[in-house]
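Enquirer: any chance you can model this:
(one chain, ligands or ions: 1)
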Amino acid sequence: MNDKALNGLELDVAVIGTGVGGLYALYRTRNEMGLNVQAFDDAGGVGGTWYWNRYPGCRVDTESTVYTYSFDLDMFQNWEWSERYARQPEVLGYLNAVADKHDLKRSINFNTRIASMAWDEDDGRWTLTTAKGDVVRAKYVIEAVGLLSSSYAPEFPDRDKFKGDVLVASRWPEEEPDLSDKRVAVVGTGSTGIQIITALAGKVGHLHVLQRTAQWVVPLGVGPFPKETREKIKADPRGFRDWALSTGAVFGFEEATTSALDVSEEERQRVYEAAWEKGNGFAFMLETFSDIPATAEANKTATDFIKGKIDQIVKDPKVAAMLTPSDYYARRPLAADGYYDVYNRDNVTLHDVKAQPIERFTEKGLMIGGTEVELDVVIMATGFDAMTGNYLKIDTTGRGGKKLRQAWSDGPHSYAGMSIADFPNLLMVFGPFSPFTSQPLVHEWQVDFLTDMIARAEEGDGIIETRHEAQEDWVRICQEGMAGTLFQVTDSWINGANIPGKPRTSMWYMGGMGNYVKEMTGIRDDNYRGFDIR
Ligand code: NA7
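Expert: Below you'll find the model as predicted:
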C-alpha cells in the first residue's frame, strides 16, 4: 500500500509493529476475525527485533522449540530449525515465511513510523499520525512495539573527530561490514556484547572489550535441533504448547523447586556442573535450583561456581579478576559458548571502563582513562530503553487529553501488561508488567486474550476501558513480587537502571507464566474483571 492510499484510511484495527507479536495480531484480527486491519512498521520488513539486530553472532538463547508460534499447527510441527538456538537469519527467515504463507505483507506499511496518536472522545476512535504526516483512524490500536527495541547508545564527546566507523549493534547495516584485520572496540557486555565478542574475537585484527560491569556468563550449548523435541511436538503440538505455557519462564524446561541450600555441597556441584555442560543461561539460573534469584545465600552458591569456572578458564589472573562480577547473578542471565576463552587470545584486550572511563573520541580512536586506544571501528552494544521506550516515543493522548508520558511519569502503569486506564481501546502486546518470560508463545497468548476482548466489544459499542483500581492492584502485585527478588536490587534494564534519568521501578509480573495464565483466565471467566467492555 502506498502513502497516498494510507492517508485518510479508516480501520477497525491499527497494529503498530510487525515483529512476533504484531504479525500474529494482524493474522488474528484480519485473517481469522475478518476485521479491516492495517499494520505499520518503522522497519523496511517484518521481524521487529530480528529485522534490526543483524550483528555478528546474533541468535536466540531460548531453544528454537519454544521460540515459535503455535497458531499454525502445520508450521509448529514441521518447521525445520537447523539449530537448537537459531541464528538471526533463520529467525528472520521463519518470520518472513509465516508472513508470506498468511499473506500478511499486503496489509503492512513498512518504513512508516507512527509519531502520535490521540483518542477522539466523540466517536470512540484513535487518530494516528505517521512521521510523514499521514493520518489514519482506527477503532482499536494494538501496540506490538517490542520490549527491547528502543535502541540506546550513549554519545561520547567528539564523535565527529573520529575517522573510523561507529556501528550500533541493534541498527546493524544490512550489508555486512568487513571487519577482518580491523582494530575493533565493543562497548558493552550484555547479551548483545557477549555474542558479538565471541563471534568477532577470531575474525578481527584486534578486539578491545570495553567492559563497565562484568556479568556472569555460562555456555549456551549450541548444536543441532534436538530430534526428540521435534518428535514430542509432532506427537502432541497443543499439549506441548500448553505445557510450555504452564511453566514459569516458557523456556522449554520446568523450573526447579528445590532450594540450593537444601542439598549437599556435592549434589550442588553436580547440578551446576551438569547445567554448565548442557548450557543455556535461563536454565542455569532457574532449572538448577529454585532460589538463585531470590536469596543472597542461594545466589552465592551459583556465583561461586561460575567464579570457579572463570578462574579455571582465564589464564591471566588479573583478567579473570576483571571478568568476575562483584554483584548478584540477577540480571537477565547470559549465555555464550567460549565467552571466557576469548580472553586468552593475544588479539583481545579487556578494559575496565568503570575504573578508567571512556572520555571522548579522538581522530584515531577513543580516549580511555587518559590513554588513547587506536581503533578502526567502535561497536555500541549498549542496550535498550526497555519495556517503556517505544511506547513513550509515540506521543499518545488518551481520555481527557491525558498524555501517556504524564500517566507514566513515575514509571509505567498497566493492567496485566496489556492495557492502560484512561487509554481506551489501546491494547499492548507484552507491555510493562507482563510476565518475565521468553516471548513468542506468550505474545500469542496475549494476542488471543486481547482479540477475544475485541470480539466481545464488537458485540456492543466497541469500547474497552481499564479500571483504575484493577490496574493499580496489578501494579502493586507486580511490585511486591519483584521486591522479593534480587533482580530489583541489581542494576539492569530489568528495573530501568540502565538508562540515565529513567525512574527505577518494577516492570514485570514475577509470578511466572503458569500463574499468569490462571490469573488471566479467571479474569476472563469473571466477565473480564477489571475491564469495562461495552
Ligand atoms: P544490556 O544488557 O543493557 O547491556 C548493555 C551493556 O552496555 C552493559 O554492559 C552496559 O554496562 C553497557 N553500557 C551502557 N552504557 C555504557 C556506557 N556509557 N559506557 C560503557 N558501557 C555502557 O543490553 P543488551 O543489548 O546486551 O541486551 C539487552 C537485551 O536484549 C538482552 O538481555 C536480550 O534479552 C535482548 P552496565 O552494565 O550498564 O555497566
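
Enquirer: neighbours of Asn390, how many?
Expert: If you count neighbours by other CB atoms under 10 Å, Asn390 ends up with 22. For glycine as for every other residue, the C-beta is placed from the backbone atoms N, C-alpha and C.

Enquirer: now name the helix or strand holding the closest residue to it other than its chain neighbours.
Expert: Nearest non-adjacent residue to Asn390, counting by CB to CB, 6 or more residues apart in numbering: Val145, 3.8 Å away. Under DSSP states H and E, no helix or strand contains Val145.

Enquirer: now the helices for the stretch 201-350 of the chain?
Expert: Along the stretch 201-350 of the chain, counting by DSSP state H, counting those that start in this stretch, helices occupy 227-235, 237-246, 265-278, 281-286, 296-313, 317-323.

Enquirer: re the thing from before, OK, contacts around the residue nearest to Asn390?
Expert: Contacts for Val145 (CB atoms under 8 Å, 6 or more residues apart in numbering) come out as 16-17, 390-391, 394.

Enquirer: again, 6 Å this time
Expert: Counting by CB atoms under 6 Å, 6 or more residues apart in numbering, Val145 touches 16-17, 390.

Enquirer: check Ser149 too.
Expert: By CB under 6 Å, 6+ apart, the contact set of Ser149 is 49, 390.

Enquirer: host element of Thr451?
Expert: Going by DSSP H and E, Thr451 is in helix 440-458.

Enquirer: close to the ligand, is that helix?
Expert: No: with CB under 6 Å from any ligand atom as the criterion, the ligand is not reached by helix 440-458; the gap is at least 13.2 Å.

Enquirer: in the protein, what residue is nearest the ligand?
Expert: Residue nearest to the ligand within the chain: Gly190 (2.2 Å; CB to the nearest ligand atom).

Enquirer: residues near that residue, how many?
Expert: Around Gly190 there are 20 residues (other CB under 10 Å).

Enquirer: returning to what we had before: report the angle between the helix holding Thr451 and helix 237-246.
Expert: Per axes from the mean of the first three to the mean of the last three CA atoms, to 10 degrees, the angle that helix 440-458 makes with helix 237-246 is 100 degrees.

Enquirer: which elements pack onto helix 440-458?
Expert: Judged by 3 or more CB pairs under 6 Å, 6 or more residues apart in numbering; DSSP states H and E, helix 440-458 is in contact with helix 20-26.

Enquirer: can the helix it packs on be said to contact the ligand?
Expert: No: with CB under 6 Å from any ligand atom as the criterion, the ligand is not reached by helix 20-26; the gap is at least 12.9 Å.

Enquirer: next secondary structure element downstream of that helix?
Expert: strand 37-40.

Enquirer: so what are the sheet partners of that next one and their directions?
Expert: Sheet pairing here is set by DSSP bridges, and for strand 37-40 it gives strand 10-16 (parallel), strand 108-109 (parallel).

Enquirer: Throw these into a markdown table and include mean neighbour count, thanks.
Expert: Output for the strands paired with strand 37-40, formatted as a markdown table (neighbours: other CB atoms under 10 Å):
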| stretch | mean neighbour count |
| --- | --- |
| strand 10-16 | 23 |
| strand 108-109 | 22 |
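
Enquirer: gap between the helix holding Thr451 and the chain center?
Expert: Offset of helix 440-458 from its chain centre (CA atoms, centre = their mean, to the nearest Å): 20 Å.

Enquirer: roughly how far is the following helix or strand past it from the heart of the chain?
Expert: Per DSSP H and E, helix 440-458 leads on to strand 464-466 as the next helix or strand towards the C-terminus. Relative to its chain's centre, strand 464-466 lies at 26 Å (CA atoms, centre = their mean).

Enquirer: same question, stretch 313-328
Expert: Relative to its parent chain, stretch 313-328 has a centroid offset of 27 Å by CA atoms, centre = their mean.

Enquirer: and the stretch 201-350 of the chain, which of its residues are near the ligand?
Expert: 210, 212-213, 332.

Enquirer: kindly recompute the last result at 8 Å.
Expert: 210-213, 215, 331-332, 334 (CB under 8 Å from any ligand atom).

Enquirer: buried ones from these, can you make that a PyMOL selection?
Expert: In PyMOL, a selection of the buried entries from these looks like this (16 or more other CB atoms under 10 Å):
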select buried, resi 210+211+213+215+331+332+334
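
Enquirer: ok so, going back, contact partners for the residue of the chain closest to the ligand?
Expert: Applying CB under 6 Å, 6+ apart to Gly190 gives the contacts Gly383.

Enquirer: could you rerun that using 7 Å?
Expert: If you count contacts by CB atoms under 7 Å, 6 or more residues apart in numbering, Gly190 has them with 215, 381, 383.

Enquirer: touching, the last one and Ala153? I think so.
Expert: No: between Gly383 and Ala153 no contact is recorded; they are 8.6 Å apart, counting by CB atoms under 7 Å.

Enquirer: so if I had to pick from these two, which one is more boxed in?
Expert: Taking other CB under 10 Å, Gly383 and Ala153 do not tie; Gly383 has more neighbours (23 against 18).

Enquirer: phi, psi for that one please.
Expert: Main-chain dihedrals, Gly383, degrees, to the nearest 10: phi 100, psi -160.

Enquirer: ok, Thr396 next?
Expert: Dihedral angles (degrees, to the nearest 10) for Thr396: phi -110, psi 130.

Enquirer: let me have the strands paired with strand 37-40 in a markdown table, extended by mean pLDDT.
Expert: A markdown table is the format used below for the strands paired with strand 37-40 (pLDDT from 0 to 100):
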| stretch | mean pLDDT |
| --- | --- |
| strand 10-16 | 98 |
| strand 108-109 | 98 |
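
Enquirer: nearest approach to Asp316 belongs to which of the ones you listed?
Expert: The closest of these to Asp316 is strand 10-16. By CB to CB, the value is 48.7 Å.

Enquirer: which parts of the stretch 1-150 of the chain sit against the ligand?
Expert: Near the ligand, when you scan the stretch 1-150 of the chain using CB under 8 Å from any ligand atom, you find 49, 53, 61, 148.
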